[in-house]
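>>> Okay, structure incoming, though there's no sequence with it:
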């Protein structure tokens, strides 16, 4: 495999009639470059994660400032701003988690929650941008509650739906479905987007990895 190196050289003194000589030093910088790429990916991911909640806060605040909302609507929007700022705090905590994930176990605050409530929260956030009209939900009525960390699983769902809306054709629908299987609930997010190339599907859980068709 290719090895990234940094090179330098120093020309040695030349004696009269002698041949030219130089000392060259090659240093393997593969690990350094890998760390740089990881850092770049980390910054891009953090920026992506923060963009959506910040846009929601701005949208709700502008609606309160510029639209003639009644008292109940204003209270609803202020409540949503409060919820989003709480999620921003969770994101900051996640960033801090990254610094010690390898050393300490990740603590999950599991509690029973209805999947429909997580989907409803996701739809509510999309309503401000009008993207909620593209979301189709097909959840069976007898779906059992799931015991999960609702903040983290909610963020996973929002990321999947957000990416589907971003990379699918404009106006196409994104469908959230679910089914119970043994002691688990299987959730699906279907879209008509570019998808992950087959040869890169084994890398979808690699930190900060992005498929080539998205990078291009």
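Received the coordinates, thanks. In this text the structure is predicted, and so the values were computed from the model without any measurement.

>>> so how far is residue 80 from residue 178?
Distance, residue 178 to residue 80, using CB to CB, to the nearest Å: 25 Å. Using the backbone N, CA and C atoms, a C-beta is placed for each residue, glycine as well.

>>> quick one, strands of the protein?
Counting by DSSP state E, the chain has these strands, from start to end: 5-11, 22-28, 111-113, 135-138, 146-148, 174-181, 184-190.

>>> Contacts made by the second one with the rest, please.
Outside of strand 22-28, the residues within contact range by CB atoms under 8 Å, 6 or more residues apart in numbering are 3-12.

>>> run the last query once more with 6 Å
Residues outside strand 22-28 that contact it (CB atoms under 6 Å, 6 or more residues apart in numbering) are 3, 5-12.

>>> May I see the strands of the chain organised as CSV, with mean neighbour count and mean pLDDT added?
Output for the strands of the chain, formatted as CSV (neighbours: other CB atoms under 10 Å; pLDDT from 0 to 100):
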stretch, mean neighbour count, mean pLDDT
strand 5-11, 10, 88
strand 22-28, 10, 89
strand 111-113, 12, 93
strand 135-138, 14, 90
strand 146-148, 17, 92
strand 174-181, 16, 91
strand 184-190, 14, 92
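
>>> can you give me the helices in the protein?
Applying DSSP state H to the chain gives helices spanning 30-66, 71-98, 115-127, 150-167, 212-215.

>>> Return the set of buried residues in the longest one.
Spelled out, it's helix 30-66. Counting neighbours by 16 or more other CB atoms under 10 Å, one finds that the buried residues in helix 30-66 are 46, 49, 52-53, 56-57, 59-60.

>>> CSV for these, including distance to residue 211 and pLDDT?
Compiled in CSV, the buried residues of helix 30-66 are given as follows (distance: CB to CB, whole Å; pLDDT from 0 to 100):
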residue, distance to residue 211, pLDDT
46, 19, 75
49, 18, 75
52, 20, 77
53, 25, 81
56, 27, 83
57, 30, 84
59, 29, 83
60, 33, 84
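
>>> so which of these would you say is closest to residue 205?
For the buried residues of helix 30-66, the closest approach to residue 205 (CB to CB) belongs to residue 49, at 16.6 Å.

>>> so who does that closest one touch?
Contact analysis of residue 49 by CB under 6 Å, 6+ apart lists residue 91.

>>> how much space between it and residue 110?
In this view, residue 49 and residue 110 are 22 Å apart by CB to CB.

>>> And residue 82, by the same measure?
24 Å.

>>> Understood, closing this out.
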